[in-house]
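**Student:** I need the structure of the sequence given here:
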Amino acid sequence: QVQLVESGGGLVQAGGSLRLSCAASGRTFSSYYMGWFRQAPGKEREFVAAISWSGRSTYYADSVKGRFTISRDNAKNTVYLQMSSLKPEDTAVYYCAADKNVINSYSDLRSIDYWGQGTQVTVSS
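**Tutor:** Numbers count the residues shown, from 1 in each chain. Model prediction:
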């Protein structure tokens with residue numbers, strides 16, 4: 001069993017930055033592919049970014065490429081999402097996800113092993 005706890009959300013002006021963190025319980029963090037998803041009001045949950053078990057490979061949604069950076073520290077059981085040049089359309093609840101298999105934009109959300117509780121990010125114009 002893995003528990004994921006996100007933090008770092010908040011209110012920021014357009015053009016600003018935020019860093020989200022996701023702390024995972026357990027001693028097998030490095031065996032999980034990690035990802036970030038987001039869900040805006042009235043919309044489906046969507047893929048944002050993912051990072052491989054070792055951290056060598058990263059993947060991004062086109063909408064955040066060049067603005068967001070995902071990283072992980074396996075020694076601290078933590079994955080991060082550095083968000084820069086934020087836009088009002090980035091406003092959403094951001095969820096951390098963990099899976100033994102690859103996470104990407106084609107992932108079936110129902111099959112992902114673990115989810116965090118989410119953290120709200122609000123970008124004002």
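**Student:** Spatially central, which residue of this protein would that be?
**Tutor:** residue 36 (2.1 Å; CA atoms, centre = their mean).
**Student:** out of everything not next to it in sequence, what's closest to that one?
**Tutor:** residue 48 (4.3 Å; CB to CB, 6 or more residues apart in numbering). Using the backbone N, CA and C atoms, a C-beta is placed for each residue, glycine as well.
**Student:** could you say which helix or strand contains that neighbour?
**Tutor:** strand 46-51 (DSSP states H and E).
**Student:** which residues does the residue nearest to the centre of the chain contact?
**Tutor:** By CB atoms under 8 Å, 6 or more residues apart in numbering, the contact list for residue 36 reads 20, 22, 48, 49, 50, 70, 79, 81, 94, 95, 96, 97.
**Student:** Bridged to it, which residues?
**Tutor:** residue 49, residue 96 (DSSP bridges).
**Student:** From residue 4, how far out is it?
**Tutor:** Using CB to CB, to the nearest Å, one gets 11 Å for the distance from residue 36 to residue 4.
**Student:** Equivalent analysis for residue 69, please.
**Tutor:** 19 Å.
**Student:** More neighbours: which of the two?
**Tutor:** residue 4 (22 against 16; other CB atoms under 10 Å).
**Student:** Near the residue nearest to that one when sequence neighbours are not counted, how many other residues are there?
**Tutor:** Spatial nearest neighbour of residue 4, chain neighbours left out: residue 116 (3.7 Å); criterion: CB to CB, 6+ apart. Residue 116: 23 surrounding residues under other CB under 10 Å.
**Student:** Now do residue 116, the pLDDT please.
**Tutor:** pLDDT, residue 116: 97.
**Student:** That one contacts residue 95, doesn't it?
**Tutor:** Yes: Residue 116 is in contact with residue 95 according to CB atoms under 8 Å; the separation is 5.6 Å.
**Student:** Great, nothing more from me.
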